[in-house]
Every structure is written in structure tokens, then in C-alpha cells.
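Visitor: this is a predicted model, with the sequence first.
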Amino acid sequence: MRVLVVYCHPVPESFCASIRDGAVEVLTRRGWEVRLLDLYAENFNPVMSCEERRFYNERAPQDPALKPHFEHLIWAEAILFVYPTWWYGLPAMLKGWLDRVWATDVAFKLPAGKGRITSLMRHVTKVGVITTCGAPTWWSVVVGQPGRKTILRGMRALCATRCRTFFLAHYLMDASTPRSRAAFLAKVRVKLERF
């Protein structure tokens with residue numbers, strides 16, 4: 001199985017980096033081919049240009065910096081997102097990556113008139129999210145968990161019909177302890193052994 005790990009955090013020594021490293025280790029040990037895409041390390045530009053937006057409905061973006069990202073999507077059979085939840089959603093860089101990379105003629109085709117979009121991502125059969133969140137679980141649910149919905153409803157809708165998903169979050173991250181973080185990393189390992 002080929003898995004693209006999409007990692008988004010600006011701080012190299014963050015707890016998210018520990019999650020990323022543990023995830024890559026488990027998946028590699030299982031014999032999966034792993035590609036790590038570290039958006040901050042590569043200084044990904046999340047800003048869609050005026051020109052890119054003007055032609056968004058007509059063709060894939062022409063920015064040559066996006067070509068390797070398109071190739072990652074075509075290659076992947078599974079995608080694992082590792083990021084911090086900020087203001088209940090995705091970091092701006094990750095949202096910009098979705099805006100710019102999951103694009104027309106890459107992730108989907110738009111109909112000529114009325115009708116449904118056609119997915120180009122049916123080869124992706126698994127999507128997972130591992131995140132950290134400062135808020136408690138109950139408040140995240142009250143707010144509606146927009147980040148979770150963006151990926152596990154919106155993006156997943158373009159994947160295989162029976163695409164399997166999971167979502168793991170370390171809530172109350174701002175009050176976390178070495179013990180809570182170790183317990184969460186153990187939970188991540190167990191989940192990825194079954195992914």
C-alpha cells in the first residue's frame with residue numbers, strides 16, 4: 001500500500017512531529033511505501049493567485065511548483081493527515097494545499113453544464129487524520145469540528161466509494177502532560193497497525 005503522509009506544523013520539535021515520526025515508523029515497518037510531504041519544511045505556498053483562480057474551473061493550475069504535489073496524489077492509495085487543529089479547523093497552509101492541489105483535472109473534473117463532478121481520486125481507499133487540539137472534546141463537537149468534516153466528509157467524497165477513514169485527536173493539548181502525550185502516541189500506533 002502506498003501512503004502519502006501530509007504533515008503541517010511550523011515547529012520542528014512539536015508534539016505533531018512526534019506523531020508524524022511514529023506514524024511513518026509504524027507504516028514503514030508494516031511494509032507500506034511512505035512518502036512524507038512536510039508543507040512547512042518545503043515552504044509550500046498556500047496562496048492561490050488571481051490567475052490560478054480565474055482558470056480554476058477550466059483546467060489544472062499551471063504553477064510548476066504544484067506538479068510534484070499532483071504526482072503525490074496520483075501515486076497515493078492512502079492519505080494520512082497530521083496537523084494541529086487551530087481555531088477548530090485546518091492550519092491555513094494545509095487548507096491552501098487542499099485549495100491548490102485538490103484541483104480541477106487533478107482531483108476531479110467539473111461537468112460541462114449541470115451535473116455532478118467526476119472524481120479522479122477513486123484510487124485512494126484510506127484516509128486518516130491525526131491532530132492535536134487545545135479545546136476539550138465536548139466543545140469541539142459543539143463547534144462542529146469543521147477541520148474533521150473538511151477532510152473526512154469533503155475530501156473523502158472524492159475518494160473510493162468504500163474509502164475507510166479514521167480520526168484521532170489529542171484534545172486539551174494546551175494542558176497535556178508527558179503521560180497524556182505518551183498515551184496518545186500509543187493510541188496512534190495501535191490505530192495505524194490496523195489502518
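Guide: Yep, it's here. Numbers count the residues shown, from 1 in each chain.

Visitor: what ranges do the strands span in this structure?
Guide: 2-7, 33-38, 78-85, 108-109, 118-119, 126-133, 164-170 (DSSP state E).

Visitor: so for the first one, what gets flagged as buried?
Guide: Spelled out, it's strand 2-7. Neighbour-count burial for strand 2-7 flags 3-7 (criterion: 16 or more other C-beta atoms under 10 Å). Every C-beta, even on glycine, is put in place using the N, C-alpha and C of the backbone.

Visitor: and the residue nearest to E77 when sequence neighbours are not counted, how far is that from H72?
Guide: Sequence neighbours aside, R2 is the residue nearest to E77 in space, at 4.6 Å (criterion: C-beta to C-beta, 6 or more residues apart in numbering). Per C-beta to C-beta, to the nearest Å, R2 is found 10 Å from H72.

Visitor: okay, and the common contacts of those two?
Guide: R35 (C-beta atoms under 8 Å, 6 or more residues apart in numbering).

Visitor: need the helices for this structure, in chain order.
Guide: Taking DSSP state H as the criterion, the chain carries its helices at 15-29, 50-54, 67-75, 92-101, 137-143, 146-149, 178-194.

Visitor: of the ones you listed, which is nearest K114?
Guide: K114 lies closest to helix 50-54 among the helices of the chain, at 22.0 Å (C-beta to C-beta).

Visitor: using CSV, write out every CA atom in the closest one.
Guide: Once non-C-alpha atoms are left out, helix 50-54 reads as follows in CSV (Å, rounded to 0.1, in the frame of the first residue of the first chain):
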residue,chain,number,x,y,z
CYS,A,50,-5.6,35.7,-9.2
GLU,A,51,-4.7,33.9,-12.5
GLU,A,52,-5.0,30.4,-10.8
ARG,A,53,-8.5,31.3,-9.5
ARG,A,54,-9.6,32.7,-12.9
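
Visitor: for that helix, buried residues please.
Guide: In helix 50-54, counting by 16+ other C-beta under 10 Å, buried: E52.

Visitor: and stretch 156-168, by the same measure?
Guide: The neighbour-count check on stretch 156-168 (16+ other C-beta under 10 Å) flags 156, 158-160, 163, 165, 167-168 as buried.
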